[in-house]
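In: Mind folding the following:
(chains A, B, C and D)
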Protein chains: 2
Amino acid sequence: MEPKAAELHAELSRGKTARFDAKLVHLLARTARVFADQGYEKASMRKVALAAGISLPGLYHYVSSKEELLFLIQYQAFGVLTEELEVILERPAAPEGHLEEMVRSHVRYVVRHLPELKVCTTELDSLKGDNYEHVLKRRQRYFELTRSILERLREQDRGSRVEPNLGALYLFGLLNWLVMWFDPKRNDPTELSESLVAFFLGGYRVAALSGSRTEKVEK
Amino acid sequence: MEPKAAELHAELSRGKTARFDAKLVHLLARTARVFADQGYEKASMRKVALAAGISLPGLYHYVSSKEELLFLIQYQAFGVLTEELEVILERPAAPEGHLEEMVRSHVRYVVRHLPELKVCTTELDSLKGDNYEHVLKRRQRYFELTRSILERLREQDRGSRVEPNLGALYLFGLLNWLVMWFDPKRNDPTELSESLVAFFLGGYRVAALSGSRTEKVEK
DNA sequence: GAAATCCGAACGAACGTTCGAACGGAAAGT
DNA sequence: ACTTTCCGTTCGAACGTTCGTTCGGATTTC
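Out: Here you go, the predicted structure:
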């Protein structure tokens, strides 16, 4: 019920004691910062241990490998994002409303977990085998849920000629690039969300109305 | 005058003989593929040498370090992009026309040099010292030139409420994310360019016209 | 005192880079 | 025309470093 606990409500019962889980959450947060700053490959387990305040072998008491650290960060991030989006879509609303809430939710996650999301955006292909497959499945679900919004938007709005799939790619281009320039000190999340939604809707609805060139625009 | 030579017209006179430069260009192309596929840190000089068809110490006859490989790829890519954009902006045209040509030029570069551009997008911060500064300067110039288009677009078009700076960030979000999903077999460059321009213009002009929520849209 | 937690020391592997020698083909010498 | 010289080019072998991971035992917690 506490804000802290509610923030990370995804499954994190890897250990038996509550202390274990709490320390693991702390470890993952510090790890995400290190991975985001230096990149997954360049970041060494020694630096992670130093940032987390434990020794190098102490890390392996909480995770079995370096890749598991990366997996847990990405798996949890997409888990939270997908879960929030599912809650949003359960509430009946117009497609525009769902889109706006999706963008708000995503931007809110950017604000609170910028390192984690940067890791998700930057280190997409650093996972292998089952780790990669499981994260990919969650990413695809997040993408599909978003695409479903755009599909309903297109059904209602006959003007758009942008395919929902392409529109989703555009939208994630806008959202994922946030991690490269968003600065909590300079950008207001609410304002940015509104700007993003208005920008996307304007482009998604209007785009490709005229198939020919844009020679001269009417005033 | 040949197409091949014209394609890479930037300064590449690092060696004295023409054979040296030709082999360096070939080496950089193979290196870009390796860096794009595996990531800069994970890609080893041994893999680069193997992909380039020379031995490991043979690499160091053409470059002095691994980082110089990364630098040359990024420096040349932004050099070509900036150069092309400067040529475009020299021709008088409406802002919409300049924007369209800029996007076409960028997409054309994506098609022809996808690995290089993926490296530029993914390995922004892997350079250090002077290498980083020099590439940063070219990146900033490319950004500023693009922003200037949006500034003229806003002067002419009083409806837009998106700042040119923010608009440029949105645009590069759309363009840079291309390297993650663009497939030459599935996507037509011309069609994609037109779609991108129409999408961006629609969003850039319309965005934030209404400061309040988007509750329900009129049919 | 049993279980959970932590760490100093060290392992094998892979990394970027270097050294010195060998190769090749064209210019120079005779 | 033949040899010699020379320099751009190539590579086998190896160096020192750092990496992820492990082992055995010490320390803490309940």
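In: Output the set of residues of chain A in proximity to DNA strand D.
Out: Residues of chain A lying near DNA strand D by Cβ under 7 Å from any atom of the strand: A:19, A:43-47, A:56-57, A:59-60, A:64-67. Yep, even glycine has a C-beta here, placed from its N, CA and C like the rest.
In: let's see 10 Å
Out: Within chain A, the positions near DNA strand D by Cβ under 10 Å from any atom of the strand are A:17-19, A:38, A:40-49, A:55-61, A:63-69.
In: Now, the residues you listed that are in helices?
Out: Among those, the members falling in helices (DSSP state H) are A:18-19, A:38, A:45-49, A:56-59, A:66-69.
In: so which strand or helix has the residue nearest to the spatial centre of chain A?
Out: For chain A, the residue nearest the mean C-alpha position is A:Leu117 (5.3 Å; Cα atoms, centre = their mean). Applying DSSP states H and E as the criterion places A:Leu117 in helix A:114-122.
In: What residues of the helix or strand following that helix count as buried?
Out: Note on helix A:114-122: by DSSP H and E, the next helix or strand toward the C-terminus is helix A:129-156. Judged by neighbour count (16 or more other Cβ atoms under 10 Å in any protein chain shown), helix A:129-156 contains these buried residues: A:131-132, A:135, A:138-139, A:141-143, A:145-154.
In: Just confirm yes or no for helix A:129-156 near DNA strand C.
Out: No. Taking Cβ under 10 Å from any atom of the strand as the criterion, helix A:129-156 and DNA strand C are apart, separated by no less than 17.2 Å.
In: For the helix holding A:Leu117, name the packing helices and strands.
Out: When contacts are defined as 3 or more Cβ pairs under 8 Å, 6 or more residues apart in numbering or on different chains; DSSP states H and E, helix A:114-122 packs onto helix A:18-38, helix A:66-90, helix A:178-181.
In: show me where pLDDT drops low in chain A?
Out: Residues of chain A that meet the criterion pLDDT under 70 lie in A:1-13, A:15-16, A:159, A:207-219.
In: near DNA strand C, which residues of it?
Out: Residues of chain A lying close to DNA strand C by Cβ under 10 Å from any atom of the strand are A:15-24, A:27, A:41, A:45-46, A:49, A:52-62.
In: please redo it, this time with the cut-off set to 6 Å
Out: Contacts of chain A with DNA strand C, taken as Cβ under 6 Å from any atom of the strand, map to A:15-17, A:19-20, A:23, A:54-58, A:61.
In: nearest to DNA strand D, of those?
Out: Distance to DNA strand D across the residues of chain A next to DNA strand C (Cβ to the nearest atom of the strand) is lowest for A:Pro57, with 3.6 Å.
In: how close does A:Ala22 sit to DNA strand D?
Out: A:Ala22 sits 12 Å away from DNA strand D, going by Cβ to the nearest atom of the strand, to the nearest Å.
In: so A:Phe143 touches A:Ala168, yeah?
Out: Yes. Contact between A:Phe143 and A:Ala168 holds when scored by Cβ atoms under 8 Å: they sit 6.1 Å apart.
In: gap between stretch A:68-76 and the chain center?
Out: Between the centre of stretch A:68-76 and the centre of its host chain there is 13 Å, according to Cα atoms, centre = their mean, to the nearest Å.
In: Contacts for that stretch next, please.
Out: Stretch A:68-76 is touched from outside by A:8, A:10, A:12, A:27-28, A:31-32, A:35, A:40, A:48, A:63, A:116, A:119-120, A:123, A:126-127, A:131, A:134-135, A:138, with contacts defined as Cβ atoms under 8 Å, 6 or more residues apart in numbering or on different chains.
In: now do 7 Å
Out: Identification of contacts with stretch A:68-76 by Cβ atoms under 7 Å, 6 or more residues apart in numbering or on different chains yields A:10, A:28, A:31-32, A:35, A:40, A:63, A:116, A:119-120, A:123, A:126-127, A:131, A:134-135, A:138.
In: Tell me the buried residues within those residues.
Out: Applying 16+ other Cβ under 10 Å to those, the neighbour count classes A:28, A:31-32, A:35, A:40, A:63, A:116, A:119-120, A:123, A:126-127, A:131, A:135, A:138 as buried.
In: From those residues, pick the one nearest chain B.
Out: Within the buried ones among the contacts of stretch A:68-76, distances to chain B taken as Cβ to the nearest Cβ reach their minimum at A:Ser126, with 7.1 Å.
In: how about the closest one, what does it touch?
Out: Contacts of A:Ser126 by Cβ under 7 Å, 6+ apart are A:40, A:70.
In: What separation do you get for it and B:Gly97?
Out: As judged by Cβ to Cβ, to the nearest Å, A:Ser126 and B:Gly97 stand 41 Å apart.
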